[in-house]
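> sharing a sequence plus its predicted fold:
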Amino acid sequence: MAANNSQKVSFHAGESKGQAQTKADQMTDKASNAYESTKESCQEAGQQMQAKAQGAADAVKDAIGMNK
């Protein structure tokens, strides 16, 4: 009987460990996805800022007659 209870405890401990690992993997995936999304947003914002700066520079050049 004691061996049977010990096996049950070991089984449940292993089961809990497996569930915890699955949860950790899911959280890691979510963090990775959040990182990628943030990285893409920052890249897009940087590209927009670069385009606006180029547009402003071109407007200045046009205004002073350097853009020919």
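That came through, no problem. Numbers count the residues shown, from 1 in each chain.
> so where is the chain shaky, pLDDT-wise?
Across the chain, the ranges flagged by pLDDT under 70 are 1-3, 67-68.
> tell me where it has helices.
Ranges of helices in the chain, per DSSP state H, are 2-64.
> how much space between the residue nearest the centre of it and Ala45?
The chain has Tyr35 as the residue nearest its centroid, 1.8 Å off, counting by Cα atoms, centre = their mean. Here Tyr35 is placed at a distance of 16 Å from Ala45 (Cβ to Cβ, to the nearest Å). Quick note: C-beta positions are derived from backbone N, CA and C, even for glycine.
> just give me the neighbour total for Ala63.
Ala63 has 9 neighbouring residues, counting by other Cβ atoms under 10 Å.
> and for Lys23?
Using other Cβ under 10 Å: Lys23 sits among 10 other residues.
> please apply the same query to the one 5 residues further on.
If you count neighbours by other Cβ under 10 Å, Thr28 ends up with 10.
> again with the one 10 residues further on
As a burial measure, Thr38 scores 10 neighbours (other Cβ under 10 Å).
> next: Ile64.
8.
> residues contacting it?
By Cβ atoms under 8 Å, 6 or more residues apart in numbering, Ile64 lies in contact with nothing.
> how far away from the center of its chain is stretch 37-45?
10 Å (Cα atoms, centre = their mean, to the nearest Å).
> scratch that, stretch 61-68 is what I was asking about
43 Å.
> can we start the residue count at 26 from this point?
Taking 26 as the first residue, the last one we looked at is stretch 86-93.
> in it, what's buried?
Neighbour counts over stretch 86-93 (16 or more other Cβ atoms under 10 Å) mark no residue as buried.
> send me it as CSV with only the CA atoms.
What follows is stretch 86-93, C-alpha atoms only, in CSV (Å, rounded to 0.1, in the frame of the first residue of the first chain):
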residue,chain,number,x,y,z
LYS,A,86,16.2,72.7,-50.0
ASP,A,87,13.2,73.7,-52.1
ALA,A,88,12.7,76.9,-50.1
ILE,A,89,16.3,78.0,-50.6
GLY,A,90,16.6,76.7,-54.2
MET,A,91,19.1,73.9,-53.5
ASN,A,92,16.9,71.1,-54.7
LYS,A,93,17.4,71.1,-58.5
